[in-house]
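1. My questions are about this predicted structure, shown below with the sequence.
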Amino acid sequence: MIAALEGAGWSLAAPEEADVLIVNTCGFISSAKKESIETSLELKQRHPGKKVIMVGCLTERYGRELAGELPEIDGFLGNRDPARILELVEPGDDGKGPAAHRTETRPAAAEVPPPRVYERIHLLSYPGSAYVKVAEGCANRCTYCAIPLIRGDLASRGTAEIVEESRRLLDRGTRELILIAQDLGSYGKDLGAGADGRPARLPELLEELARLSGDFWVRLLYIHPDHFPGEILDFMAADPRFLPYFDLPFQHASPRILRAMGRRPDAQENARLVSRIREKLPGAVIRTTFLLGFPGETDEDFNQLVAFQEEARPDWMGCFMYSREEDTPAYSMKGRVRAAAAAARKAEVERRQVAITARSLDAAVGRTLDVLIEERIEGEEMSLGRAYLHAPEVDGLVVVRRALPPGSRVPVLIDRRNGVDLEGSVRER
């Protein structure tokens with residue numbers, strides 16, 4: 001979206017200086033929906049003379065309703081074709097952009113026009129790293145999830161296009177490529193075989209990325225455990241540029257609840273997956289998410305989740321309370337869990353995770369880890385960065401006792417842990 005605007009002559013500016021204010025919304029859970037609407041209205045109130053446009057998932061899902069209920073907002077755009085933002089910011093024949101645009105359905109594959117490729121100048125990430133989206137949408141049908149309603153079915157990008165974008169990013173000095181999708185494990189399942197007759201799947205994509213030269217990292221974010229491609233473990237063991245960091249959203253461990261969620265009802269298979277990863281890749285880092293308060297969840301179900309947490313011992317964990325989303329199968333399920341009960345269970349899981357994460361981080365003390373510097377602390381001989389065991393923004397950080405340029409990567413001898421952060425000094429190569 002930013003690239004399309006800049007290609008048309010627009011430039012990024014602070015809200016006080018901008019002519020158009022664009023709010024990227026979320027339509028996944030109730031709290032995010034509320035925040036998106038409140039932020040948009042607040043901006044319009046603070047800047048009544050500026051055009052305010054809501055874009056993204058919330059407007060994809062509820063574009064028509066929002067256009068009718070929020071006359072203060074100047075435009076609405078879904079997420080299927082971000083480049084159409086130009087239709088909203090550029091004045092039309094009447095001197096105004098269209099009031100609203102919303103793509104109702106994703107066209108059939110044969111009807112999708114060739115993608116408009118723009119050079120990404122602003123990466124919206126910390127220096128040295130860049131997100132590379134390899135697929136959009138999701139073919140999974142978890143009963144609680146609205147993502148397929150918002151983003152449609154799985155639509156993978158071509159391998160050659162992804163590799164070329166990655167090449168350009170590396171040529172610009174990027175040190176870490178972060179591959180993202182709603183489910184990386186399903187990448188390419190909608191594409192079939194490529195021109196060379198080989199299937200386009202995650203392992204094949206990683207093989208192509210490995211052909212790129214340079215000392216860079218590749219981090220994989222979000223692989224549905226039911227679709228984990230086990231062959232990537234041997235590949236990652238052979239090429240240390242592909243970080244042994246695995247984001248596996250297990251969500252629950254009760255077979256009954258997992259089945260109701262539309263997921264594989266075998267928590268033991270998930271535990272074996274964790275063991276297999278750690279056996280093949282010593283030092284591998286596991287991040288997961290748990291969802292508490294799903295309809296019908298009992299104390300027995302919760303106890304099974306806690307037992308799984310203790311067995312799998314994820315290094316990092318995010319925990320969320322069930323959000324009842326209209327048009328999803330779970331919306332009408334019986335046995336709704338009281339919010340207070342769900343919140344108490346969430347707090348208990350988070351309390352247990354503190355000790356698990358602390359033990360994991362303590363194992364890093366005494367090791368030398370490569371750290372990608374993200375920020376220099378003003379006025380201090382100190383910098384903040386991430387090692388392979390930290391994904392951006394969701395995990396801890398490494399505090400490095402030296403002022404270093406953002407985007408650089410240095411070896412750091414870790415000598416202490418502070419909560420969820422590590423601390424150390426640069427070790428000369």
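-> Happy to help now that I have it.
2. can we go C-alpha only for contacts and neighbour counts from here?
-> Will do.
3. what sits up against the host helix or strand of residue 33?
-> Using DSSP states H and E, residue 33 sits in helix 30-46. Helix 30-46 is contacted from outside by 21, 23-27, 50-54, 58, 72-73, 323-325, using CA atoms under 8 Å, 6 or more residues apart in numbering.
4. Name the next helix or strand downstream of that helix, please.
-> strand 51-56.
5. before we move on, the earlier item: strands - which of the contacts of helix 30-46 land there?
-> Filtering the contacts of helix 30-46 for membership in strands, criterion DSSP state E, returns 21, 23, 24, 25, 51, 52, 53, 54.
6. that older thread, for the helix holding residue 33, what does the pLDDT average out to?
-> Mean pLDDT, helix 30-46: 87.
7. Flag every buried residue along it.
-> 33, 36, 37, 40, 41, 43, 44 (16 or more other CA atoms under 10 Å).
8. chain center to stretch 137-157, what's the gap?
-> Distance, stretch centre to chain centre, for stretch 137-157: 14 Å (CA atoms, centre = their mean, to the nearest Å).
9. Straight-line length of that stretch, end to end?
-> Taking CA to CA, to the nearest Å, stretch 137-157 runs 11 Å from one end to the other.
10. Distance of residue 149 relative to residue 66?
-> 17 Å.
11. Just put the buried residues of helix 30-46 in TSV and tack on distance to residue 134.
-> Compiled in TSV, those are given as follows (distance: CA to CA, whole Å):
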residue	distance to residue 134
33	26
36	26
37	29
40	29
41	33
43	32
44	34
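12. Just name the closest of those residues to residue 314, please.
-> Proximity of those to residue 314 (CA to CA) peaks at residue 33, which lies at 29.4 Å.
13. in the protein, which segments are predicted with low confidence?
-> 28, 91-120, 193-200, 429 (pLDDT under 70).
14. Would you mind splitting it into its domains for me?
-> 2-104, 113-362, 368-426 (automatic domain parsing).
15. Just grab the bridge partners of the residue nearest to residue 422 when sequence neighbours are not counted for me.
-> Among residues not flanking residue 422 along the chain, residue 398 sits closest, at 4.7 Å (CA to CA, 6 or more residues apart in numbering). In this entry, residue 398 is beta-bridged to residue 385, residue 422, by DSSP bridges.
16. was I right about residue 398 contacting residue 382?
-> No: in this structure, residue 398 is not within contact of residue 382 by CA atoms under 8 Å, at 10.4 Å.
17. So which of the two has more stuff around it?
-> A direct count of neighbours by other CA atoms under 10 Å for residue 398 and residue 382 places residue 398 higher, at 26 against 16.
18. Contacts for stretch 320-327, please.
-> 29-30, 144-146, 289-294, 330-331, 342-343, 346.
19. Name the residues of that stretch that come out as buried.
-> For stretch 320-327, the neighbour count (16+ other CA under 10 Å) marks 321, 322, 323, 324, 325 as buried.
20. okay, how far is it across that stretch, tip to tip?
-> Stretch 320-327 end-to-end distance (CA to CA) = 20 Å.
21. Off-centre distance for that stretch?
-> Stretch 320-327 has its C-alpha centroid displaced from the chain centroid by 19 Å (CA atoms, centre = their mean).
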